[in-house]
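Enquirer: The sequence isn't on hand, but the structure is:
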């Protein structure tokens, strides 16, 4: 029986790379994202890929994706929205709410549905794509950073709950990745961005090894370690200057 892999945010970037890896390893791939044309282009290069266009900011659409996917052996919660700006501005709420709907609610619901199916079966893997942003608060990117901190915390807890039950839950926490994410969110990615194909491979291998947390690259590991040493009062202005996503 073939392994069925559901990948959200699968049309481009990390999601597309995860799909290519899964297909290369002989798995059945289920692709979901908002853009049908992008999904169809990717599906054209992956034999037997299933396509489920959906807007994961709508809870009803999240449920529909799960129902259409049917049985899932591996869930990759990759879909995510970004954005920056002054939290006090009232006219940014629609974008921020959509960010929370996708980054937090959709990922949580799909993980819940997946564990509900995997635990009784005694097998399954979940990979939640978080970020190095999960380790620190992000001034002027407050909601995005908070959403990734939530996803990392959720992953840690579910990893512990699933331990010994045949299911693994892994959080992938990369630094900036060379994808369309920054352009879509109106963000500055920085000079050193990791190739999406490398990050996807590292995340996939870490998930298959059952690791709780995967941080690609030596620099990423160093930055994550530094956040546990430096006090928040010092970290906040450093992060704010580094991000430079001012209102």
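Expert: In hand now; what should we look at? Keep in mind that what you see is a predicted model, and the values were worked out from it rather than measured.

Enquirer: Going by neighbour count, which residues in stretch 99-115 are buried?
Expert: 99-111, 113-115 (16 or more other CB atoms under 10 Å). (C-beta placed from N, C-alpha, C; glycine too.)

Enquirer: Max pairwise distance over the residues you listed: which two?
Expert: 99 and 115 (23.8 Å; CB to CB).

Enquirer: Helix or strand next in line after the lowest-mean-pLDDT helix or strand in the chain, which one?
Expert: Every helix and strand of the chain was ranked by mean pLDDT, DSSP states H and E. The lowest is helix 181-185, at a mean of 52. Going down the chain from helix 181-185, the next helix or strand is strand 194-195, by DSSP states H and E.

Enquirer: can you pull out the strands in the chain?
Expert: Per DSSP state E, the chain carries strands over the ranges 4-8, 28-33, 50-53, 74-77, 124-129, 167-172, 177-178, 194-195, 213-214.

Enquirer: for those, which one ends up most surrounded?
Expert: Of all those, strand 74-77 has the most neighbours on average by mean count of other CB atoms under 10 Å, namely a mean of 29.

Enquirer: just checking, what packs against it?
Expert: Applying 3 or more CB pairs under 8 Å, 6 or more residues apart in numbering; DSSP states H and E, one finds that strand 74-77 contacts strand 4-8, helix 13-24, helix 107-121, strand 124-129.

Enquirer: now these in CSV, with distance to residue 153 and mean pLDDT?
Expert: Output for the helices and strands packed on strand 74-77, formatted as CSV (distance: least, CB to CB, whole Å; pLDDT from 0 to 100):
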stretch, distance to residue 153, mean pLDDT
strand 4-8, 19, 98
helix 13-24, 21, 97
helix 107-121, 11, 98
strand 124-129, 10, 98
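
Enquirer: Could you dump these into a markdown table and include distance to residue 222?
Expert: Formatted as a markdown table, these follow (distance: least, CB to CB, whole Å):
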| stretch | distance to residue 222 |
| --- | --- |
| strand 4-8 | 29 |
| helix 13-24 | 22 |
| helix 107-121 | 27 |
| strand 124-129 | 21 |
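
Enquirer: Quick one: closest of these to residue 178.
Expert: Nearest to residue 178, of those and by CB to CB, is helix 13-24 at 8.4 Å.
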